[in-house]
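sequence and predicted structure, then a few things I'm wondering about:
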Amino acid sequence: MCANCEKSDLSLLTPVFKAFAGDDHALISILQKAQDIYGYLPTDVLYAIAEKTGNSPAKVMGVATFYTQFRLKPVGKNLILLCKGTACHVNGADSIEKALVEELGVGDGETTDDGLFSIKTVACLGCCSLSPVMMINEDTYGSLTPAKAKDIVRKIREASK
């Protein structure tokens, strides 16, 4: 077990381990369920998964860091996924990112101090006809300008008060 790890309630994983008992190919599914439970993958949870699945902590961490779906740090209430794919890049995604950084004071992979927003750049959101585009949680915002991106974030912040 990890000596300097967080102290997560590992009992929440019991149903997950029962559901995938004996399945040697379920590591990704177990990681997905654990992230659903905790919102991200705390270090102590990764060690517990390694122990229960008979994998080394290095293998579990390798899988968790290889796939972009997994998060090793908590994210804000509003996760901004900013597309940096070709169409979005050509149409100004860098200026959208700069505007978001100015507005929120955090960059890619970071969360605002109030826990309200996290920014993550992604390779493609599959909305090329709307480029540049971002998603905030389940909502998609396209044909963005720096001013429009800032306005969207401000409205969400205001609605959260």
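In hand now; what should we look at?

nearest residue to Ala93 other than its sequence neighbours?
For Ala93, ignoring the flanking residues on the chain, the nearest one in space by Cβ to Cβ, 6 or more residues apart in numbering is Pro132 at 4.5 Å. (Each C-beta comes from the backbone N, C-alpha and C, glycine too.)

for the one you found, give me its contacts.
Listed by Cβ atoms under 8 Å, 6 or more residues apart in numbering, the contact partners of Pro132 are Cys83, Cys88, Asn91, Gly92, Ala93, Ile96, Gly142, Ser143, Leu144.

could I have the ChimeraX command that selects the buried members from those residues?
Buried members of these, defined by 16 or more other Cβ atoms under 10 Å, are picked up in ChimeraX with:
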select :83,88,91,92,93,96,142,144
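
contacts only, for the residue nearest in space to the middle of the chain.
The residue lying closest to the centre of the chain (Cα atoms, centre = their mean) is Arg71, at 5.0 Å. With contacts taken as Cβ under 8 Å, 6+ apart, Arg71 has the following neighbours: Gln35, Gly39, Tyr40, Leu41.

ranking by neighbours, what's the top pick from these?
Neighbours here are counted as other Cβ atoms under 10 Å. On that basis the top member of the contacts of Arg71 is Leu41, with 23 neighbours.

secondary structure class of Met135, three-state.
Met135 carries the three-state label strand when classified by DSSP: H, G, I helix; E, B strand; the rest coil.

could you report the pLDDT at it?
According to the predicted model, the pLDDT of Met135 comes to 96.

same question for Cys5.
Confidence at Cys5, expressed as pLDDT, is 66.

could you do the one 5 residues further on as well?
The predicted structure scores Leu10 at 94 on the pLDDT scale.

got JSON lines for the contacts of Pro132, with pLDDT too?
Output for the contacts of Pro132, formatted as JSON lines (pLDDT from 0 to 100):
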{"residue": "Cys83", "pLDDT": "96"}
{"residue": "Cys88", "pLDDT": "97"}
{"residue": "Asn91", "pLDDT": "97"}
{"residue": "Gly92", "pLDDT": "97"}
{"residue": "Ala93", "pLDDT": "97"}
{"residue": "Ile96", "pLDDT": "98"}
{"residue": "Gly142", "pLDDT": "97"}
{"residue": "Ser143", "pLDDT": "98"}
{"residue": "Leu144", "pLDDT": "98"}
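
shouldn't Leu144 be in contact with Ile96?
Yes: the pair Leu144 and Ile96 qualifies as a contact (Cβ atoms under 8 Å) at a distance of 5.1 Å.

anything in contact with each of the two?
When Cβ under 8 Å, 6+ apart defines a contact, the residues bordering Leu144 and Ile96 alike are Pro132, Met134.
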